[in-house]
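*Asks:* 3D model of this:
(chains A and B)
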Amino acid sequence: MSELQWVVAQLVKVGLLALIVAMAMRGRFGVCWSFTLYVAAILVGNSLATLWPHRFYTPAFWVLKQGVYDLLKIAVGIELAWRAFSAFPGAWRIARVVILLLLTSSTVALAWLTPRSMYRNLWDWQPGVVTAAVWLLTAVALLVVLYQIPIGDWQRAIVLGFAPYLLVSVTLLNIWQRRGWQVREEIGLLDSFAYLALVLFWVRAAWRQDEPPHEMVPVRSVA
Amino acid sequence: MLELVLSTVGCAALCYSLGRYNRSLALQRWEFVLNAPEQRALDALRRRIELDSALAHQALDAAARARDEKRAPDAITVLKVALSVLEDAGADRLTRLRAMGVYSRMVQAIRPLPPPSPAPFRGTRLKLSARIARLVHGLMVGTQERFRLWLTMMRLGVGIVLHGGRRAADAASQQPEHPKAYAEFADELSDFEALDASHLAAFEALAASLAAVDRGGRQQLWERIAGNTR
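*Replies:* The predicted structure is shown next:
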């Protein structure tokens, strides 16, 4: 790990701690438990790799932690969908079908079309996983807009933050595949900067207070 | 490369849709759905439709009288007034049709409407679109999809009628003394009234569907919606 990478990793760590504090202060832990778990997992992964780099800044650990992060990202998409649509049975029925179709097609594509997940061929499988996560979040966003489902600013920020970062991630993997291992450090650094920007975006969104929805006054009960 | 393209498309769709998403508007819409004063809204729409129809008819009759009395410039002016009444009414109907499309997705079930029929229309294009809509209606299963088909047909119909009305007014400007253009305009007006009858029926069906949720259920659902967004 280069010095600059270490510095950026420390900044990300500070950002993640600020995010956890902001989420705790605004009572956002329970809004999406999988996201809370995801942030905690990132913080643990980051701390292990920066505090004991000889033991944890290794290809094997990278594959393991990436697997955990990817699973948690999928869980975030599913939990957000469940929380948003569960009050609306009609929309939830459609959302379930769409999510199931996306997950099935992604799993089939990843299982059949990509080789075994290893660090040396990560550009063969990781972009597929990221694309599946992007489309899961996109499907949730499109259904939310189509059915006019009210979601909070925090849920919106989670999804809006993930999508551009995941796109940057796929782009960097693509460049890495084309240029080869000699650009590994630069790619890692760019990815860390993008992640830092994402964390700062989330911190800002987590600090901001949601407008409280007003009480409904039934018109007919007045009449 | 495929993943990059797919991710870019997905990311763009997500950012576009959520970027335009307005939480307050969504809450307002739900509040309207759960709180809709359906009878009052229905009466207001009925009055608006009657008023538009009366104004357009009055202007058309005045134009025909002016033409019969050989006052061509007056006839054209009054016919253009009739056209502007129709255009304003058309803009109002299109806005409401769009809103009805949004609300139709927010209710769980919609009172079914009869299949579209070409019978009440005079214009060939409108008759044809009603025939096609009737065919597609038969192929659809869900009442919500059928309702939205109705809305699409009506949106198309308003466009056809306004286009026909403008064409008739242009033709009358070129040959003010010729009664054919006035008769064509009268046909378009009649088609607009037929569309208005469907518009009112669709609005009534939607309002009845919104009213189908009991008051306790409304309050409960609103609390869940408001709670969801905290």
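
*Asks:* quick one, helices of chain B?
*Replies:* Using DSSP state H, the helices of chain B run over B:2-20, B:23-35, B:38-68, B:72-106, B:124-139, B:143-174, B:179-211, B:215-228.

*Asks:* with mean neighbour count and distance to residue A:95 as extra columns, can I get those helices in TSV?
*Replies:* For the C-beta atoms, the positions are set from N, CA and C on the backbone; glycine is no exception. As requested, the helices of chain B are exported to TSV (neighbours: other CB atoms under 10 Å in any protein chain shown; distance: least, CB to CB, whole Å):
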stretch	mean neighbour count	distance to residue A:95
helix B:2-20	17	14
helix B:23-35	18	16
helix B:38-68	16	28
helix B:72-106	18	13
helix B:124-139	16	25
helix B:143-174	19	15
helix B:179-211	20	21
helix B:215-228	16	14
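
*Asks:* low-scoring stretches of chain B, by residue?
*Replies:* Residues of chain B meeting the criterion pLDDT under 70: B:32-38, B:108, B:211-230.

*Asks:* picking up where we left off before, in TSV: the helices of chain B, plus distance to residue A:8.
*Replies:* Listed next are the helices of chain B as TSV, based on distance: least, CB to CB, whole Å:
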stretch	distance to residue A:8
helix B:2-20	23
helix B:23-35	34
helix B:38-68	57
helix B:72-106	44
helix B:124-139	57
helix B:143-174	50
helix B:179-211	53
helix B:215-228	36
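
*Asks:* nearest to residue A:70, out of these?
*Replies:* Using CB to CB as the criterion, the shortest distance between residue A:70 and the helices of chain B is 13.6 Å, found for helix B:2-20.

*Asks:* alpha carbons of that closest one, as PDB, please.
*Replies:* As requested, C-alpha coordinates have been extracted for helix B:2-20 and formatted as PDB (Å, rounded to 0.1, in the frame of the first residue of the first chain):
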ATOM      1  CA  LEU B   2     -21.200  -5.100 -21.900                       C
ATOM      2  CA  GLU B   3     -21.200  -4.500 -18.200                       C
ATOM      3  CA  LEU B   4     -19.900  -1.000 -18.700                       C
ATOM      4  CA  VAL B   5     -22.700  -0.200 -21.100                       C
ATOM      5  CA  LEU B   6     -25.400  -1.800 -18.900                       C
ATOM      6  CA  SER B   7     -24.100   0.000 -15.800                       C
ATOM      7  CA  THR B   8     -24.000   3.300 -17.600                       C
ATOM      8  CA  VAL B   9     -27.600   2.900 -18.800                       C
ATOM      9  CA  GLY B  10     -28.800   1.700 -15.400                       C
ATOM     10  CA  CYS B  11     -27.000   4.500 -13.600                       C
ATOM     11  CA  ALA B  12     -28.400   7.100 -16.000                       C
ATOM     12  CA  ALA B  13     -31.900   5.800 -15.600                       C
ATOM     13  CA  LEU B  14     -31.600   5.800 -11.800                       C
ATOM     14  CA  CYS B  15     -30.100   9.300 -11.600                       C
ATOM     15  CA  TYR B  16     -32.700  10.700 -14.000                       C
ATOM     16  CA  SER B  17     -35.700   9.100 -12.200                       C
ATOM     17  CA  LEU B  18     -34.600   9.700  -8.600                       C
ATOM     18  CA  GLY B  19     -33.200  13.100  -9.500                       C
ATOM     19  CA  ARG B  20     -36.600  14.200 -10.700                       C
END
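
*Asks:* tell me if that helix is near chain A.
*Replies:* Yes. Using CB under 8 Å from any CB of the partner chain as the criterion, contacts between helix B:2-20 and chain A involve B:3-4, B:6-8, B:10-11, B:13-15, B:17-20.

*Asks:* that helix packs against which elements?
*Replies:* In this structure, helix B:2-20 packs against helix A:122-146, helix A:153-179, with contacts taken as 3 or more CB pairs under 8 Å, 6 or more residues apart in numbering or on different chains; DSSP states H and E.

*Asks:* what does the following helix or strand past the last one rub up against?
*Replies:* Pointing back at helix A:153-179 there. Heading C-terminal from helix A:153-179, the first helix or strand you meet, by DSSP states H and E, is helix A:184-207. With CB atoms under 8 Å, 6 or more residues apart in numbering or on different chains as the test, helix A:184-207 has contacts from A:2, A:4-5, A:8-9, A:11-12, A:15-16, A:18-19, A:22-23, A:25-26, A:28, A:153-154, A:157-158, A:161-162, A:164-165, A:168-169, A:172-173, A:175-176.

*Asks:* could you flag which of those residues are buried?
*Replies:* In terms of neighbour count (16 or more other CB atoms under 10 Å in any protein chain shown), the buried residues within the contacts of helix A:184-207 are A:5, A:8-9, A:11-12, A:15-16, A:18-19, A:22-23, A:26, A:28, A:153-154, A:157-158, A:161-162, A:164-165, A:168-169, A:172-173, A:176.

*Asks:* where does chain A have low pLDDT?
*Replies:* Residue ranges of chain A with pLDDT under 70: A:117, A:210-223.

*Asks:* swap in 80 and give it another go.
*Replies:* Regions of chain A meeting the criterion pLDDT under 80 cover residues A:1-2, A:86-91, A:111, A:113-125, A:181, A:209-223.

*Asks:* alright, I will stop here.
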